[in-house]
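# Need coordinates for the following:
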Amino acid sequence: MLKNLPEEVLNLWNNWEIRGMVLLSLLLQTILIICGPLRKTSARVWIRILVWSAYLSADMVATVALGNLARSQGDSSGDRSKKANNSIQAFWAPFLLLHLGGPDTITAYSIEDNELWLRHLLGLVVQVGVAFYVFSRSWGSSILPFIAIPMFIAGIIKYSERTWVLWSSCSKSLRKNSYLEDFREFYFHTRNPESDKQREYLRQAYTFFHISMFTMQDFVFGYLDLMLSYTRFSKIPADGAFKVVEVELRLIYDMLYTKAPLIYSRSGIILRCISFLLSVTAFIIFQVKIEKLAYSSIDVAITYLLFVAAIFLELYAFLCLVLSDRTMIWLLDKGGNALTSAIYSLLRKLTTSKRWSRSISQYNLIRVCNENKPLKCLELVGIDEMLRQMHVNWKDLNGGLHELIFEHLLKKAEKMKENFNLFDKKLRSKIISQRGDGVRGLLKNFRWCTTEVEFSRSIVVWHVATEICSGNEKDADIVFRSKCLSEYMMYLLVIRPNMLSIGFFDEGSLPTFRDKRYEDIIQSYKTERGYDDEEFQRRWKTGRQSAVGGGRVLARQLLESISESKKRWEMIEEVWMEMLSYAATHCPWKEHAHALRRGGELLTHVCFLMLHLGLSEQYEYKSSDKPGYKYYPQYYLGLEELNYYDRALDKYLQGIQSSTPDEEALQEARDKYLQVMANLPSSSLHKV
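Residues are numbered from 1 along each chain as shown. Purely as a prediction, here's the structure:
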């Protein structure tokens, strides 16, 4: 096909084929370096599309460029200038290995990419072999092959790093890590709180990070860990709890999607220094020893560009290493002197405080229904999914919502703790499964739209009712929060149904009212049948009544049965909080991990808050919970918590219906605590 092109076009193609591929590979690496970290702090779709395109194209372009280099070296015949150009182009092969190693800020686009580490290992062997072939074919009297040796080593190091990180982040490797033991160790060493709240949040986040990584592998914890987690986390204020989870999720993101497992280790730092020194050495020798006039000026310029990019990549990686939460946590761990404190204070000023999007996605079903239906042809090619994303908007997550969520979850945890029932699995399961039935004042007449209906239909019903009830209300805070949660749950249902364990959601099953105006839909609730109407109940139970129609019936029921606006909205708000917590605890961990690369989700933060407050099914009785085992509860708990732990565990083991600590038991627990603490070596009591 190319033979039919004019000779000028063919010459242009032959001259720029390899150059263009190498420059395109460099451009894709630049996009990944700059935009890769943005996806953890932004929920914008265009960032995900850009990073996704660059991630999928980067390896392919670098591989094709290496193949073209190998072919050009195999055809290296002709005049001296052509051989010189082939020689300097062969010098680009190690840089392509650097590109295949990828930037430190993104090694996997999704967690499934980590499972493909074996494919990358095979690619490492093949591509290094191709690069070595190019390297050997270019060997001659020129000094270029000798300069390429350090770059060749640096390229192999970078490519090997990526393969090792993918292996270490795959599910099989993560399940072998000792996160549980690390959690208890860090919990013990962080018993004494810091006066500086930001320092304390960082230390606590690193402590809870270990329990979260353990939980995300679907492991279960013992009741001692439940007690430790609840005791520590329940004492943190709402804003602080969200900041702890924010840092914690940032650490998890780094473990799953970046080279953090390696670059924060001693071997990773050594490899980083070696590759940087090799790149700088090769650049200096190239600058001093190479006669630039012997080669094409374009090829020399591209070579300089590749060197600058390689060195910049290493410097950027070092900067990311220094300006990270992990570095500040390390400084706090090694703290105690003026130097580390000064470095920590400097880094704290330089680092950004934004660790995720801090926004809550919104989807208003009724307003969307009023817009034109997409063409059928767009649905066939899947573009309708992208159009659906266009109806999503975002609101900033404010402190009022933080307070509301944390107080709601704390009440659930305190209810579970009452009467020494913290270890009661049935009670815990009942509390975390509430999706409206736990709301005070919610009469049995509302069960038809909460516990007696599928979760997806319940969301739609309450979403429509919330929209209708807010029509005549003033812009009060409670109305704003309720609508915010309502539209967020609708967003999860329509855009992220996998996070609700629904699998998929057919928006077409809902009446769209595209022939009516928004105001007509809102006002039409007045003509709906009442919730106690036999015809409505029959149609609702048989599924013939739409969820949107059910929402209008619910709106009429709320407005007629609860005349006081404040009480009505308090109930609506609490119902949405129940649904949010229910969805959070029933969302698969895999979906929470996926959400981290999309700017984060409020649902994920709620899930981790619930986990640390003990509101999770992943706590069970273990042999390590018994007194006298390797991990003594006395090492971690104060007198009051220790007494509660003993009584609650005793109640769980013996099946006691009610238990009240008497003075004798209290004194026994106090004596046991003092005896154990007296026998602890002084070195284990220091403040880290």
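# where does S110 fall, phi/psi-wise?
phi -130, psi 170 (degrees, to the nearest 10).
# I'd like to know how far it sits from S160.
Distance, S110 to S160, using C-beta to C-beta, to the nearest Å: 22 Å. The C-beta positions use only the backbone N, C-alpha and C, and glycine is treated the same way.
# What strand or helix carries the closest residue to L422 other than its chain neighbours?
Spatial nearest neighbour of L422, chain neighbours left out: A648 (4.9 Å); criterion: C-beta to C-beta, 6 or more residues apart in numbering. A648 belongs to helix 639-654 when assigned by DSSP states H and E.
# which intervals of the stretch 351-500 of the chain have sub-threshold pLDDT?
For the stretch 351-500 of the chain, the stretches flagged by pLDDT under 70 are 369-387, 440-443, 472, 474-475.
# Tell me where it has helices.
Taking DSSP state H, counting those that start in this stretch as the test, the helices found in the stretch 351-500 of the chain are 365-369, 376-380, 383-389, 399-417, 425-432, 455-469, 477-494.
# could you dump those to CSV with distance to I284?
Putting these into CSV (distance: least, C-beta to C-beta, whole Å) gives the following:
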stretch, distance to I284
helix 365-369, 60
helix 376-380, 56
helix 383-389, 49
helix 399-417, 53
helix 425-432, 62
helix 455-469, 63
helix 477-494, 54
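# Of those helices, which is nearest R598?
Closest approach to R598 among these is made by helix 383-389 (11.2 Å; C-beta to C-beta).
# Would you map out the domains in this protein?
If you go by automatic domain parsing, the domain ranges for the chain are 442-578, 623-685.
# ranking these by mean pLDDT, which is last?
Least confident of these, judged by mean pLDDT, is domain 623-685 with a mean of 60.
# Tell me how far the spatially most central residue of the chain lies from I111.
In the chain, the C-alpha nearest the mean C-alpha coordinate belongs to L596, at 2.0 Å (C-alpha atoms, centre = their mean). The gap separating L596 from I111 is 9 Å, by C-beta to C-beta.
# Can you check which residues contact both of the two?
Residues touching both L596 and I111 (C-beta atoms under 8 Å, 6 or more residues apart in numbering): 256-257.
# show me the contacts for L315.
Under the criterion of C-beta under 8 Å, 6+ apart, the neighbours of L315 are F276.
# List the contacts of the residue nearest to G155 when sequence neighbours are not counted.
Counting by C-beta to C-beta, 6+ apart, G155 lies nearest to L97, which is 2.8 Å off, once chain neighbours are set aside. Listed by C-beta under 8 Å, 6+ apart, the contact partners of L97 are 127-128, 131, 152, 155-156, 158-159.
# Tell me which of S110 and S160 has more neighbours.
Using other C-beta atoms under 10 Å as the criterion, S110 and S160 rank with S160 on top: 18 against 15.
# List the residues that contact R19.
Contacts for R19 (C-beta under 8 Å, 6+ apart) come out as 89, 298-299, 302.
# Including secondary structure, could the residues you listed go into JSON lines?
Formatted as JSON lines, the contacts of R19 follow (DSSP: H, G, I helix; E, B strand; the rest coil):
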{"residue": "Q89", "secondary structure": "helix"}
{"residue": "I298", "secondary structure": "helix"}
{"residue": "D299", "secondary structure": "helix"}
{"residue": "I302", "secondary structure": "helix"}
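# between those residues, which is nearest W52?
Distance ranking of the contacts of R19 against W52, using C-beta to C-beta, places I302 first at 27.1 Å.
# where's that closest one relative to W16, distance?
11 Å.
# Give me the more crowded residue out of those two.
Neighbour count, other C-beta under 10 Å: between I302 and W16, I302 has more, with 20 against 12.
# ok, and the closest non-adjacent residue to that one?
Per C-beta to C-beta, 6+ apart, closest to I302 is R19, 6.1 Å.
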